[in-house]
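pasting the sequence and the predicted model now:
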Amino acid sequence: MSGKLKYERLRGFRDLYPEDMEPKDRFFENAKKVARSFGYSMIDYPSLESIELYLDKSGEELLGQTFSFTDKGGRNVTLLPEATPSVMRMLTSRKDLPRPVRWFGIPKIWRYEEPQSGRVREHFQFNADLFGPDSPAADAEIITLASDILDSCGLNGKFHIKLNNRKLMDSILEAINVDNIPKAFSIIDRFHKIDVEEFRRSFLSVAGNEGNVDKVLDLVREKGPAEQICLKIEEAFADNGNISETIERLKQTSALIREYTGNEPYIDLSVVRGLSYYTGTVFEFSDAEGQFRSILGGGRYDSLAGNISGTDIPAVGFGMGDVVVELMMKKYGKWNASENIMKAYLVSTSPAGTHICLKVAKSLRENGIVAISDLSGRSISNQMKNASSSGASIAFIAGDREKESHSVTVKDMQTGSQTSVKLESLESFVFSKIQEFRQRIST
RNA sequence: GCCGGGGUGGGGUAGUGGGCAUCCUUGGGGACUGUGGAUCCCCGGACCCGGGUUCAAUUCCCGGUCCCGGCCCCA
């Protein structure tokens, strides 16, 4: 009879039903809590921006991957493809803010791409930035924030922190006379997706000779603790002053991250990040088992403010999409329906009973208990079924009998025991039930 | 934009060139005019769309569409 649904969800967009929305909401609440504990303040910005904000920064290739259109005033606008430019716009139009500025937001982000595992066309992103300091300590703080958020979701030890530095990569590529650095980055970025021979072939076109290709290949193919990787780089480029300076910074940052998070970050020279505006530290977090695409990515972008407003402001930040986090949390059994909250179900068998239920519900809600009224008006048997499937731990039943005796019948849904409570003593009864419930869930 | 694999009730499935299709689950109702999770009964609900082959297509062929996965890209 009903047949095909007439209106279908757009490709790459998601409907979030309670079973997914609740865990997602809890994830973001956790993230907010952690960010606030670091002194970060929440901000928000429009979902629509003038397309110029991205053109200035990223060039024309961006256009094909945004949801863009011309509005009724003839302006070219686009749904946010990333958060950073908007955050920068906000920052640079407030010169009065004392630094450091610590901000986070949870925007929706849109990208017109083919959906696949871990990627959709509209997603939530937890985005945090630190403006002002340009020290290793600042880089380490933002990375620690990201790490602590994942820890707070029960993913402790399930992810790897991969760290690199754009300046270091610049210096290395300059040292071997690569002139097309963006192209070299794009090849390095694809290192793990292509085989060694293809890498050699591609990289030869920018590196000039086989020896240089081998040098880079040797560095890019290995990831490990700072000590080990930095030693390799030093051996290969001992005489280069620029390189040893950046290596020092990488070592410091790495040591601070180890100290703050308790986890050893991996130096991974294949992590260069696609974004053109990164200027120093870049990082990525990935599933320790390598199953999913990156959980989050970020880095330092000290010149972006200058591009927008003329004055550089040191900045470091990251964006963490909700999609891969969800995959991770599901994989490790952390994507659970809901926390234990006390729910009460109100069963009414007559208009007089409904009147009593309304009063009881009000009292329950004032005491922080979820009170669900049965609105079906059906048999008590059916109402009890509803009570049961709602997950309520307690049911209040009222009808004409209760009206007579000025009371309400209370049934404990777990034990099945039932008592009658006078309406005058309802408050204290509810209070004792709350205590009992708390005790029950804590054991 | 490109490549590969798939589409049977809301979800998960069985099956067939020939009687508008199996089972589980979910939803609604009842047994149960004042007591839940069990059991039993009843009801609702599907062959993605279009064309072709055929006496006959849910089944075979072609095209489309959608979903899933991958490429590109990941700002």
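Cool, got the structure. Numbering: from 1, shown residues only, chains lettered A, B, ... in the order given.

every contact and neighbour count from this point should use C-alpha atoms.
OK.

give me every residue that touches the nearest residue to A:T70 once chain neighbours are set aside.
Excluding its sequence neighbours, the residue lying closest to A:T70 (CA to CA, 6 or more residues apart in numbering) is A:N76, at 4.5 Å. Neighbouring residues of A:N76 by CA atoms under 8 Å, 6 or more residues apart in numbering: A:S50, A:I51, A:S68, A:F69, A:T70.

can you tell me the closest non-neighbouring residue to A:L364?
Of all residues not flanking A:L364 in the chain, A:A371 sits nearest, at 6.4 Å (CA to CA, 6+ apart).

tell me the SS of that neighbour?
strand (DSSP: H, G, I helix; E, B strand; the rest coil).

that one is in contact with A:L346, isn't it?
Yes - with contact defined as CA atoms under 8 Å, A:A371 reaches A:L346; the gap is 7.1 Å.

who touches both of these two?
Common neighbours of A:A371 and A:L346 (CA under 8 Å, 6+ apart) are A:A361.

any idea how far A:H160 lies from A:L150?
According to CA to CA, to the nearest Å, A:H160 and A:L150 sit 11 Å apart.

compare these two (neighbour count), which wins?
More crowded of A:H160 and A:L150, by other CA atoms under 10 Å: A:L150, with 24 against 21.

which element is the more buried one on?
helix A:136-152 (DSSP states H and E).

show me what that helix is packed against.
helix A:18-37, strand A:122-131, helix A:241-261, strand A:315-321 (3 or more CA pairs under 8 Å, 6 or more residues apart in numbering; DSSP states H and E).

distance from the chain centre to the shortest one, please.
Taking CA atoms, centre = their mean, to the nearest Å, the mean C-alpha location of strand A:315-321 is offset from the chain mean by 10 Å.

now the helix or strand that it is followed by against helix A:136-152, angle please.
The helix or strand immediately downstream of strand A:315-321 is helix A:322-331, counting by DSSP H and E. Computed by axes from the mean of the first three to the mean of the last three CA atoms, to 10 degrees, the angle separating helix A:322-331 from helix A:136-152 equals 50 degrees.

show me what secondary structure element comes after helix A:322-331.
With DSSP H and E, the next secondary element past helix A:322-331 is strand A:343-348.

didn't A:D400 look like it was pressed against A:T354?
No - using CA under 8 Å, A:D400 is not in contact with A:T354, being 9.7 Å away.

residues near A:I441, how many?
The local packing of A:I441 (other CA under 10 Å) involves 10 other residues.

for it, list the residues it contacts.
A:N340.

helix or strand for it, which one?
Secondary structure (DSSP H and E) places A:I441 in helix A:426-442.

follow-up on the earlier one: format the contacts of A:N76 as a markdown table; extra columns: neighbour count and pLDDT.
A markdown table is the format used below for the contacts of A:N76 (neighbours: other CA atoms under 10 Å; pLDDT from 0 to 100):
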| residue | neighbour count | pLDDT |
| --- | --- | --- |
| A:S50 | 16 | 91 |
| A:I51 | 20 | 88 |
| A:S68 | 20 | 87 |
| A:F69 | 14 | 86 |
| A:T70 | 12 | 88 |
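
so of those, which ones are in strands?
Those of those mapping onto strands are A:S50, A:S68, A:F69, A:T70, per DSSP state E.

now A:R119: phi and psi?
phi -140, psi 130 (degrees, to the nearest 10).

correct me, but it touches A:V323?
Yes - counting by CA under 8 Å, A:R119 does reach A:V323; the two are 6.6 Å apart.

could you report the neighbour count for the nearest residue to A:L327 once chain neighbours are set aside?
Using CA to CA, 6+ apart and skipping the chain neighbours, the partner closest in space to A:L327 is A:G118 (7.3 Å). As a burial measure, A:G118 scores 17 neighbours (other CA under 10 Å).

list the residues that contact A:G118.
Residues near A:G118 by CA under 8 Å, 6+ apart: A:F292, A:R293, A:V323, A:V324, A:L327.

got CSV for those, with distance to A:M169 and pLDDT too?
Putting the contacts of A:G118 into CSV (distance: CA to CA, whole Å; pLDDT from 0 to 100) gives the following:
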residue, distance to A:M169, pLDDT
A:F292, 25, 90
A:R293, 23, 88
A:V323, 30, 93
A:V324, 28, 94
A:L327, 32, 91
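
near RNA strand B too, which of these?
For RNA strand B, no contacts are drawn from the contacts of A:G118 by CA under 7 Å from any atom of the strand.

can you list the low-confidence ranges for the stretch 301-443 of chain A?
Scanning the stretch 301-443 of chain A for pLDDT under 70 picks out A:337-339, A:443.

try it again at 80.
For the stretch 301-443 of chain A, the stretches with pLDDT under 80 are A:336-340, A:440-443.

can you name the residues bridging to A:V421?
According to DSSP bridges, the partner residues bridging A:V421 are A:V408.

count of neighbours near it?
Neighbour tally, A:V421, other CA under 10 Å: 18.

what of A:G333?
A count of nearby residues for A:G333, using other CA under 10 Å, gives 11.

which ones are touching it?
Contacts of A:G333 by CA under 8 Å, 6+ apart: none found.

check which helix or strand covers A:K362.
Short version, using DSSP H and E: A:K362 is in helix A:351-366.

elements contacting that helix?
Using 3+ CA pairs under 8 Å, 6+ apart: helix A:351-366 touches strand A:343-348, strand A:370-373, strand A:394-398, helix A:400-405, helix A:426-442.

redo that, cut-off 7 Å
Helix A:351-366 sits against strand A:343-348, strand A:370-373, strand A:394-398, helix A:400-405, with contacts defined as 3 or more CA pairs under 7 Å, 6 or more residues apart in numbering; DSSP states H and E.
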